[in-house]
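**Student:** sequence plus the predicted model coming up.
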Amino acid sequence: MAQQSKKSKSRLWFLVHSWLALPIWFFVLIVCVTGTLAVVSQEIVWLANPDVRASKPNDDAERLSFQQVLDALKQAEPDMAVRYISQPDGSHFALNAAVTFPDGTAPILYVNPYTGAIQGKSPDFNFEGFTRALHGWWLVPFTNGYSWGWYLVSLLGLPMLASLVTGLVVYKRFWKGFFKPTLRFNHGARIFWGDFHRLSGIWSIWFIAVISITGTWFLIQALLADNHITLSTEPITPVIAREDVPLSDSKAPVPRIDLDEATRIATTQVPGLDVTFAQLPSNAYGHIYLGGRGWYPLMFQTASVNPYTRKVDASFLVGDRSALEFVTESMRPLHTGDFGGLAIKLIWAFFGLLLSMMVLSGLLIWTKRTAQATAAALKRADRTPRATKVTGEAATEMQP
Amino acid sequence: MSQARDAVTAPSPLKQWWLKWRFHLNILLLLIPLGFMPKYFADAKMFRGESGLGANPIENIAVGPWSISLSELLAEAPRQDGPAGYFKAFNASLCSSCGSEVKAAYLRIGKPRSLRAAGTIFFGNPHRMSTSLPVPARTRADAELWITLEGWDGSLHQASVPLAKASPATLAWLNKQGGKP
């Protein structure tokens, strides 16, 4: 009897596993494929568009400082306003300068880090933005709080986690697969896809766990935000007090410190601060906001420098995070794989592709086997009332 | 498994419909991004600043020696930001010659009594700046939007435009709130 119930339980798990991604398999597949593309979208653009590459004019060329870049930009386009300059992760990428032209258009300019030359501006179709929007919120606009597309996609984290768990439950002694990898090519498609599904499954355990847990975090994050609950301990930097901004003797603006001086002040006063982006004050009462990755590469560290008093009015470092924030803030980079340069991104993209293939192979197996198995189970249920009872009980059991 | 039960009990028409059409969910789900694609690209264009300053622009409002153009970001009613209340996003751009003289720009419903109460400050640069204006639900329909410009030399200049003109959608929303003073 115990044997019987163990067997039927295992069959139940198997059916649960088989039906998890269905009937929305194509949606799941597209989410996996767009996620894979999004991981390497920056690299795809780098390959396609020479403007975003940081080409060295000669071997001993040195990188310009942010202020030198800003000066070069001002010289090239005197009427243009610069909002921020940032160095994407990887020295093979050109600098990004977010600017606003007098006609109000606000593109990103790709700037050579060695010469300060404007190499091009962001095209009308933003490939990175598009793949991320499609993957992240299914293009459903954010109108009031999080978009319902965001909920739709992030909800998939739960069936994915359940797929992983039930997959490991039904795959008897799955660890043996590590030592005896099986991938049979000449036993027909059904056997091949079954082997492929199991083999890529066990090697992807860590990745599926990471993606489904972080994906579920995105769901929690949206739920928290839409209910106006914040876990952040980051201080809100107030605007500079009116009395701290000196009056000008003329109509011209009061001089403010430049980006290099601000960087010097911030890096001397905030030990360990690495500056890879600099945001210019967003009005006369704003700070120069600087930052970059911390020693823990999943988090950024920032400092706000007062451009009049030269004081660091606020900073937010890795050590300032609460224990909870350490976990929650690590979720996004763990999901996107953008915390360790190209190598990590390629690993994420490879396993993303493998995961997409698992959705596809799972579907192929399903069409070839589960459909028949379910039909057979139906027939049996029709014939023997006892079997119906077992399945019936099991079905109630699985309902939460 | 649920089918196993259905096999013994008579399946309801709803269940039959579900069993027949469930895989078409994929198609429905794919139609979602396709349907939203035009909106996505229109929004992307707007955020690149290529669709102009915004909706219902009021060009070159004279404010003392300077002038400013004001526009609502979207032609729609104020949005609620949780317990903080309702907010309406406005964009502005300063005249090309006055950008370097103006230290800050502020927006407020009703005439400010002093610079300290000038309203919400604009963020951005003279070519394109924006602010999020709190709009209390009890705002009068004939309320004026007051723009305050502060010069680097300390000078202050003000001007106003009817809220109804700057944002007809906000006016319609206020009328629906039964806006009484």
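**Tutor:** Perfect, thanks for sending it.
**Student:** quick one: contacts of stretch B:167-181?
**Tutor:** Stretch B:167-181 is contacted from outside by B:56, B:72, B:75-78, B:88, B:135, B:137-141, B:163-164, using Cβ atoms under 8 Å, 6 or more residues apart in numbering or on different chains. C-beta here means a position set from N, CA and C on the backbone, and glycine is covered the same way.
**Student:** ugh, typo on my part, it should be stretch B:56-73
**Tutor:** When contacts are defined by Cβ under 8 Å, 6+ apart, stretch B:56-73 is touched by residues B:52-55, B:75, B:88-95, B:98, B:101-102, B:105, B:107, B:130, B:145, B:147, B:149, B:155, B:157-159, B:161, B:165-170.
**Student:** got a ChimeraX select line for the buried ones in those residues?
**Tutor:** Selection command for ChimeraX covering only the buried members of the contacts of stretch B:56-73, criterion 16 or more other Cβ atoms under 10 Å in any protein chain shown:
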select /B:53,54,55,88,89,90,91,92,93,94,95,98,101,102,105,107,130,145,147,149,157,158,159,166,167,169,170
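**Student:** what does the helix ranked longest in chain B rub up against?
**Tutor:** For chain B, the helix with the greatest residue count under DSSP state H is helix B:25-47. Helix B:25-47 has contacts (Cβ under 8 Å, 6+ apart) with A:23-27, A:30, A:106, A:124, A:126, A:129-130, A:133-134, A:138-141, A:149, A:152, B:51.
**Student:** now the buried members of these.
**Tutor:** Using 16+ other Cβ under 10 Å as the burial test, the contacts of helix B:25-47 include A:23-27, A:30, A:106, A:126, A:130, A:133-134, A:138-140, A:149, A:152 as buried.
**Student:** out of these, who's near chain B?
**Tutor:** Near chain B, judged by Cβ under 8 Å from any Cβ of the partner chain, the entries from these are A:23-27, A:30, A:106, A:126, A:130, A:133-134, A:138-140, A:149, A:152.
**Student:** which of those residues scores worst on pLDDT?
**Tutor:** Across the set of these, A:Pro23 stands lowest in pLDDT, at 78.
**Student:** for that one, what are its contacts?
**Tutor:** B:22-23, B:25-26.
**Student:** between which two of the ones next to chain B among the buried ones among the contacts of helix B:25-47 is the distance greatest?
**Tutor:** Largest separation among those by Cβ to Cβ: A:Pro23 and A:Ala106, giving 42.9 Å.
**Student:** residue ranges with poor pLDDT in the chain?
**Tutor:** This is for chain A. Within chain A, the stretches with pLDDT under 70 are A:1-4, A:21, A:370-371, A:373-374, A:381-400.
**Student:** wait, I meant chain B there
**Tutor:** If you take pLDDT under 70 as the line, chain B has these spans: B:1-10, B:178-181.
**Student:** hmm, try it at 80
**Tutor:** Counting by pLDDT under 80, the low-confidence segments of chain B come to B:1-11, B:18-20, B:22-23, B:178-181.
**Student:** quick one: the helices in it?
**Tutor:** Listed in chain order, the helices of chain B (DSSP H) span residues B:2-8, B:13-21, B:25-47, B:163-166, B:168-176.
**Student:** so of those helices, which one's packed in deepest?
**Tutor:** With neighbours taken as mean count of other Cβ atoms under 10 Å in any protein chain shown, these reach their highest mean count in helix B:163-166, at a mean of 20.
**Student:** list of residues touching that helix?
**Tutor:** Under Cβ under 8 Å, 6+ apart, the answer for helix B:163-166 is B:56, B:58, B:70-72, B:90, B:109, B:139, B:141-145, B:170-171.
**Student:** my guess is A:Val28 contacts A:Leu155. True?
**Tutor:** No: counting by Cβ atoms under 8 Å, A:Val28 does not reach A:Leu155; the two are 11.0 Å apart.
**Student:** between these two, which is the more surrounded one?
**Tutor:** A direct count of neighbours by other Cβ atoms under 10 Å in any protein chain shown for A:Val28 and A:Leu155 places A:Val28 higher, at 25 against 15.
**Student:** how's the chain carved up into domains?
**Tutor:** The chain I'm using is chain A. Listed domain ranges for chain A are A:2-42+A:130-136+A:145-229+A:341-398, A:50-122, A:242-320 (source: automatic domain parsing).
**Student:** um, chain B though
**Tutor:** Residue ranges for the domains of chain B, per automatic domain parsing: B:2-46, B:55-176.
**Student:** check the offset of the longest one from the chain's centre.
**Tutor:** Read that as domain B:55-176. Centre-to-centre, domain B:55-176 and its host chain are 12 Å apart (Cα atoms, centre = their mean, to the nearest Å).
**Student:** filter the contacts of stretch B:167-181 to the buried ones?
**Tutor:** Neighbour-count burial (16+ other Cβ under 10 Å) applied to the contacts of stretch B:167-181 gives B:56, B:72, B:76-78, B:88, B:135, B:139, B:163-164.
**Student:** wait, a helix at A:Asn96?
**Tutor:** No: going by DSSP: H, G, I helix; E, B strand; the rest coil, the assignment for A:Asn96 is strand, not a helix.
**Student:** nearest to A:Val275, of the domains of chain B?
**Tutor:** In terms of Cβ to Cβ, the element of these nearest to A:Val275 is domain B:55-176, at 21.6 Å.
**Student:** now the end-to-end length of that closest one.
**Tutor:** Domain B:55-176 stretches 21 Å from its first residue to its last (Cα to Cα, to the nearest Å).
**Student:** who's in contact with A:Leu355?
**Tutor:** Counting by Cβ under 8 Å, 6+ apart, A:Leu355 has contacts A:32, A:36, A:204, A:207-208, A:211.
**Student:** and which of these is nearest to chain B?
**Tutor:** Closest approach between those and chain B, by Cβ to the nearest Cβ: A:Cys32, at 13.8 Å.
**Student:** count of neighbours near the closest one?
**Tutor:** By the measure other Cβ under 10 Å, the count of residues near A:Cys32 is 23.
**Student:** check A:Ser86 too.
**Tutor:** 19.
**Student:** how about it, nearest residue that isn't a chain neighbour?
**Tutor:** Spatial nearest neighbour of A:Ser86, excluding adjacent residues (Cβ to Cβ, 6 or more residues apart in numbering or on different chains): A:Phe277 at 3.6 Å.
**Student:** just the buried positions in stretch A:264-276, please.
**Tutor:** Buried residues in stretch A:264-276, counted by 16+ other Cβ under 10 Å: A:264-267, A:270, A:273, A:275-276.
**Student:** return the member of those nearest to A:Glu43.
**Tutor:** For the buried residues of stretch A:264-276, the minimum distance to A:Glu43 (Cβ to Cβ) is 18.0 Å, reached by A:Thr276.
**Student:** center of chain B - which residue?
**Tutor:** Centroid check for chain B by Cα atoms, centre = their mean gives B:Ala89 as the closest residue, at 4.0 Å.
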